[in-house]
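**Q** Structural data only, the sequence is not supplied:
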């Protein structure tokens with residue numbers, strides 16, 4: 001599923017403090033929407049901390065960062081507090097947004113297959129279309145690559 005140059009699927013999801021966040025809240029501004037498998041796991045923690053460290057750079061470009069997983073609002077709140085995160089984490093417990101963005105996929109580990117979130121990032125341009133997408137993201141260096149893509153918008 002390639003969403004590049006297509007309208008970004010709309011969503012309204014609760015963030016870690018329980019308040020609703022909609023994609024339409026950011027109309028006319030770039031949004032980095034990243035999907036990650038699970039709160040407080042090593043790769044997901046590094047990715048969230050890397051995005052948090054880069055918030056001033058993204059903010060200078062008028063860009064908001066939103067993280068999405070199927071973890072609950074409560075788990076997100078604990079993750080934000082424990083890892084001192086400065087980004088909004090959205091709870092997609094029912095998985096509709098993961099489905100809409102094609103990030104709920106079959107994965108395999110140690111010979112077993114299961115369904116899970118593919119680490120993916122979408123750069124949504126001010127026009128509401130997906131300007132760039134990254135699938136099967138490797139955490140190291142990813143935030144810098146996304147920042148460069150925002151600068152190129």
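**A** Happy to help now that I have it. Just so you know, these numbers come straight off a predicted model, no measurement behind them.
**Q** outside of stretch 69-77, which residues touch it?
**A** With contacts defined as Cβ atoms under 8 Å, 6 or more residues apart in numbering, stretch 69-77 is touched by 14-18, 35-40, 44, 79, 89-93, 95, 98, 117. Every C-beta, even on glycine, is put in place using the N, C-alpha and C of the backbone.
**Q** Now a ChimeraX select for only the buried ones of those.
**A** Here is the ChimeraX selection string for the buried members of the contacts of stretch 69-77, based on 16 or more other Cβ atoms under 10 Å:
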select :14,15,16,35,36,37,39,44,79,89,90,91,92,98,117
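**Q** Give me the subset of the contacts of stretch 69-77 lying in strands.
**A** Using DSSP state E, the subset of the contacts of stretch 69-77 located in strands is 14, 35, 89, 90, 91, 117.
**Q** possible to save these as CSV with distance to residue 105 and pLDDT?
**A** Listed next are the ones in strands among the contacts of stretch 69-77 as CSV, based on distance: Cβ to Cβ, whole Å; pLDDT from 0 to 100:
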residue, distance to residue 105, pLDDT
14, 23, 98
35, 10, 98
89, 20, 98
90, 19, 98
91, 19, 98
117, 8, 96
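**Q** biggest separation within those, which pair?
**A** Greatest spacing in those, by Cβ to Cβ: 14 and 117 (17.1 Å).
**Q** all helices of the chain, in order?
**A** With DSSP state H as the criterion, the chain has helices at 42-53, 55-60, 73-83, 96-100, 142-151.
**Q** Quick check: which ranges of this structure have low pLDDT?
**A** Within the chain, not a single segment meets pLDDT under 70.
**Q** Chain neighbours aside, what residue packs nearest to the spatially most central residue of it?
**A** In the chain, the C-alpha nearest the mean C-alpha coordinate belongs to residue 34, at 1.6 Å (Cα atoms, centre = their mean). Of all residues not flanking residue 34 in the chain, residue 121 sits nearest, at 4.2 Å (Cβ to Cβ, 6 or more residues apart in numbering).
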